[in-house]
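Student: heads up, no residue letters with this:
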């Protein structure tokens with residue numbers, strides 16, 4: 001079973017783009033199956049329930065995910081948007097999205113995989129055209145390629161999350177310092 005999905009980026013659209021991990025090295029796919037895609041939609045809070053996805057839904061989702069990642073990266077770096085990525089995102093955003101319903105027990109959003117994906121695409125459009133763009137940062141862990149919204153005081157956050165990357169980097173730096181001290185003492 002794949003590890004649980006992680007939501008540390010500050011936006012479901014960014015968390016969605018981060019479902020292909022370690023893009024520069026090992027590349028770990030968080031959507032290896034339709035069931036994991038469905039789990040992401042529910043765990044992210046985008047929907048409360050989703051009808052079973054098919055392989056074609058996974059292919060469509062990963063295509064949109066890569067477009068979101070390209071557009072977020074371009075926006076973060078102040079570069080122009082790729083026309084193909086724009087077309088993919090806008091096409092997904094134009095599709096019918098998940099619609100919340102009021103039930104006797106409160107709000108509930110049930111969707112098809114396509115409606116859930118459209119909702120994520122619309123969230124990406126809002127993010128990329130909204131006030132949080134200057135706060136977009138890439139994780140300081142060289143292995144990690146997550147982009148997050150840095151709402152920290154003074155925008156000094158360095159990692160996507162302490163649990164996922166910050167503790168690893170700090171522990172590695174500590175081990176390196178201890179090794180240097182031991183080497184200096186034995187010299």
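Tutor: Structure received. These figures come from a predicted structure and were not determined experimentally.

Student: In terms of secondary structure, what does the strand or helix carrying residue 59 contact?
Tutor: Counting by DSSP states H and E, the element that carries residue 59 is helix 55-77. When contacts are defined as 3 or more C-beta pairs under 8 Å, 6 or more residues apart in numbering; DSSP states H and E, helix 55-77 packs onto helix 12-17, strand 20-21, helix 34-43, helix 83-94, helix 113-128, strand 136-138, strand 147-149. No exception for glycine: its C-beta is placed from N, CA and C like everyone else's.

Student: and of the ones you listed, who's closest to residue 54?
Tutor: Proximity to residue 54, assessed across the helices and strands packed on helix 55-77 by C-beta to C-beta, is greatest for helix 34-43 (5.7 Å).

Student: So which bits of that closest one are buried?
Tutor: Residues 34, 36, 37, 38, 39, 40, 41, 42 are the ones in helix 34-43 that count as buried (16 or more other C-beta atoms under 10 Å).

Student: How about the last one: what's its closest non-neighbour residue?
Tutor: By the measure of C-beta to C-beta, 6 or more residues apart in numbering, the closest residue to residue 42 outside its immediate chain neighbours is residue 50, 6.3 Å from it.

Student: in the helix holding residue 59, what counts as buried?
Tutor: Across helix 55-77, burial judged by 16+ other C-beta under 10 Å covers 57-58, 60-65, 67-76.

Student: Stretch 121-135 now?
Tutor: The neighbour-count check on stretch 121-135 (16+ other C-beta under 10 Å) flags 121, 122, 123, 124, 125, 127, 128 as buried.

Student: Now do the contacts for residue 76.
Tutor: Neighbouring residues of residue 76 by C-beta atoms under 8 Å, 6 or more residues apart in numbering: 133, 136, 137, 138, 147.
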